[in-house]
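Chemist: Starting from these lines, generate the structure:
(one chain, ligands or ions: 1)
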Amino acid sequence: MKIEEAWAFTSWAVDRCLLCGQKPLRYRGVFLPNDPELWPGGPLAPGKIRSFWYGLCKKCAKRKDVPEAVEAVILRDQTHSPDTRH
Ligand SMILES: [Zn+2]
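Modeler: Presented below is the predicted three-dimensional model:
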(Lines give C-alpha, C1' and ligand atoms only; values in the text may rest on other atoms or scores of the structure.)
Protein backbone atom coordinates (compact mmCIF):
# COMPACT_ATOMS: atom_id res chain seq x y z
CA MET A 1 0.00 0.00 0.00
CA LYS A 2 1.38 3.37 -0.91
CA ILE A 3 1.47 6.07 1.69
CA GLU A 4 -1.21 8.08 -0.10
CA GLU A 5 -3.52 5.08 -0.15
CA ALA A 6 -2.85 4.40 3.49
CA TRP A 7 -3.69 7.99 4.31
CA ALA A 8 -6.96 7.79 2.39
CA PHE A 9 -7.77 4.57 4.20
CA THR A 10 -7.44 6.23 7.58
CA SER A 11 -9.93 8.92 6.63
CA TRP A 12 -12.74 6.42 7.07
CA ALA A 13 -11.11 3.72 9.19
CA VAL A 14 -9.94 6.12 11.89
CA ASP A 15 -12.56 8.56 13.10
CA ARG A 16 -12.11 8.61 16.85
CA CYS A 17 -9.36 9.67 19.17
CA LEU A 18 -7.20 6.73 20.13
CA LEU A 19 -6.73 7.97 23.68
CA CYS A 20 -10.19 9.16 24.69
CA GLY A 21 -12.54 7.94 21.94
CA GLN A 22 -13.88 11.41 21.18
CA LYS A 23 -14.57 13.09 17.86
CA PRO A 24 -13.61 15.02 15.89
CA LEU A 25 -10.02 14.22 15.16
CA ARG A 26 -7.47 16.97 15.04
CA TYR A 27 -4.51 14.89 13.95
CA ARG A 28 -3.80 11.58 12.35
CA GLY A 29 -0.55 9.77 12.76
CA VAL A 30 1.10 6.48 12.15
CA PHE A 31 2.83 4.28 14.67
CA LEU A 32 5.67 2.09 13.47
CA PRO A 33 6.60 -0.43 16.10
CA ASN A 34 10.29 -0.81 16.80
CA ASP A 35 9.94 -4.48 17.49
CA PRO A 36 7.70 -6.22 14.93
CA GLU A 37 7.98 -9.45 16.87
CA LEU A 38 5.67 -7.96 19.47
CA TRP A 39 2.88 -8.00 16.96
CA PRO A 40 0.36 -10.64 15.94
CA GLY A 41 1.49 -12.56 12.93
CA GLY A 42 5.12 -12.48 13.97
CA PRO A 43 8.02 -10.91 12.11
CA LEU A 44 7.41 -9.49 8.68
CA ALA A 45 9.21 -10.34 5.50
CA PRO A 46 12.31 -8.25 4.83
CA GLY A 47 11.46 -4.86 3.39
CA LYS A 48 7.95 -4.79 4.87
CA ILE A 49 6.85 -2.62 7.71
CA ARG A 50 3.82 -2.90 9.92
CA SER A 51 2.07 0.36 10.58
CA PHE A 52 -0.77 1.33 12.85
CA TRP A 53 -2.74 4.45 11.96
CA TYR A 54 -4.41 6.41 14.70
CA GLY A 55 -6.17 9.68 15.35
CA LEU A 56 -5.98 12.18 18.15
CA CYS A 57 -8.42 14.85 19.21
CA LYS A 58 -7.22 18.38 19.82
CA LYS A 59 -7.07 17.89 23.57
CA CYS A 60 -5.11 14.63 23.53
CA ALA A 61 -2.75 15.89 20.85
CA LYS A 62 -1.51 18.42 23.39
CA ARG A 63 -0.54 15.79 25.92
CA LYS A 64 3.14 15.70 26.70
CA ASP A 65 3.19 11.92 26.79
CA VAL A 66 1.52 11.36 23.42
CA PRO A 67 4.13 8.93 22.01
CA GLU A 68 4.16 6.82 25.16
CA ALA A 69 0.38 6.89 25.55
CA VAL A 70 -0.22 5.94 21.93
CA GLU A 71 2.22 3.06 22.12
CA ALA A 72 0.71 1.81 25.38
CA VAL A 73 -2.83 1.80 23.95
CA ILE A 74 -1.80 0.11 20.73
CA LEU A 75 0.23 -2.59 22.43
CA ARG A 76 -2.52 -3.17 24.98
CA ASP A 77 -5.08 -3.59 22.21
CA GLN A 78 -2.80 -6.01 20.42
CA THR A 79 -2.36 -8.03 23.59
CA HIS A 80 -6.11 -8.37 23.94
CA SER A 81 -6.68 -9.15 20.31
CA PRO A 82 -8.06 -12.63 19.61
CA ASP A 83 -5.53 -12.84 16.79
CA THR A 84 -2.61 -12.73 19.19
CA ARG A 85 -0.56 -15.87 19.22
CA HIS A 86 0.58 -17.26 22.54
ZN1 LIG B 1 -8.69 12.51 22.76
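
Chemist: contacts, neighbours, all on C-alpha from now
Modeler: Will do.

Chemist: what does this protein have sitting close to the ion?
Modeler: For the chain, the contact set with the ion under C-alpha under 5 Å from the ion comprises 17, 20, 57, 60.

Chemist: let's see it at 6 Å
Modeler: The chain comes close to the ion at residues 17, 19-20, 22, 56-57, 59-60, as judged by C-alpha under 6 Å from the ion.

Chemist: Please check these and keep the buried ones.
Modeler: 17, 19, 22, 56-57, 60 (16 or more other C-alpha atoms under 10 Å).

Chemist: Determine which two of those residues are furthest apart.
Modeler: For these, the farthest-apart pair by C-alpha to C-alpha is Gln22 and Cys60; their separation is 9.6 Å.

Chemist: where along this structure do the helices fall?
Modeler: According to DSSP state H, the chain carries its helices in the segments 3-13, 58-61, 66-80.

Chemist: right, and these - which one's nearest Gly47?
Modeler: Comparing these against Gly47 with C-alpha to C-alpha, the closest turns out to be helix 3-13 (14.9 Å).
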